[in-house]
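[1] Okay, here's the prediction I keep looking at, along with the sequence it came from:
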Amino acid sequence: MISRSSMYGLLNRVYKAVEKVAKESKPTFFEIMTTLAFMHFADVKTDISVIETGLGGRLDSTNVIKPKVVGITNLSIDHQKQLGDTIDKIAREKAGIFKRGVPIVTVQQDPNAMRVLREQAEA
């Protein structure tokens, strides 16, 4: 767990940048917390960090890293407004976290979701 004083320090370090960005767009709570987490991991020099996406996918704020491995959990019809209204569209968005040369693991998926994940992995 991060200490209260470490969190205050991180918030103080990021405050001006968030204030500047907020003039153009409104960073979400998740985006700010992701930033703070990445800063904390850098400060304490973690060997390995397990990063879970928010909604997951192409536009997720965690998608700025190059992971050692990508894991895709069971996909379902959720977050339709952000990810799409079919399992194919959702799988395509979720596959947006794939990076060249990075292994991908997944669980048994809906056949349409698996097809899209494979296509995106091969691309």
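    Done, it's in.

[2] now the helix or strand containing Gln120: how far from the chain's centre is it?
    Gln120 is part of helix 111-122 when elements are defined by DSSP states H and E. Helix 111-122 has its C-alpha centroid displaced from the chain centroid by 19 Å (C-alpha atoms, centre = their mean, to the nearest Å).

[3] Which strands or helices does that helix pack on?
    Here helix 111-122 touches helix 87-94, strand 104-106, going by 3 or more C-beta pairs under 8 Å, 6 or more residues apart in numbering; DSSP states H and E. Using the backbone N, CA and C atoms, a C-beta is placed for each residue, glycine as well.

[4] The shortest one: which residues count as buried?
    Just to be clear, that refers to strand 104-106. Residues of strand 104-106 classed as buried by neighbour count (16 or more other C-beta atoms under 10 Å): 104, 106.

[5] swap in the first one?
    Neighbour-count burial for helix 87-94 flags 87, 90-94 (criterion: 16+ other C-beta under 10 Å).

[6] which other helices and strands contact it?
    Helix 87-94 sits against helix 80-83, helix 111-122, with contacts defined as 3+ C-beta pairs under 8 Å, 6+ apart.

[7] surely Val69 meets Val102?
    Yes: using C-beta atoms under 8 Å, Val69 makes contact with Val102 at a distance of 6.6 Å.

[8] For these two, work out which one has more neighbours and name it.
    Ranked by neighbour count (other C-beta atoms under 10 Å), Val69 and Val102 place Val102 first, with 13 against 8.
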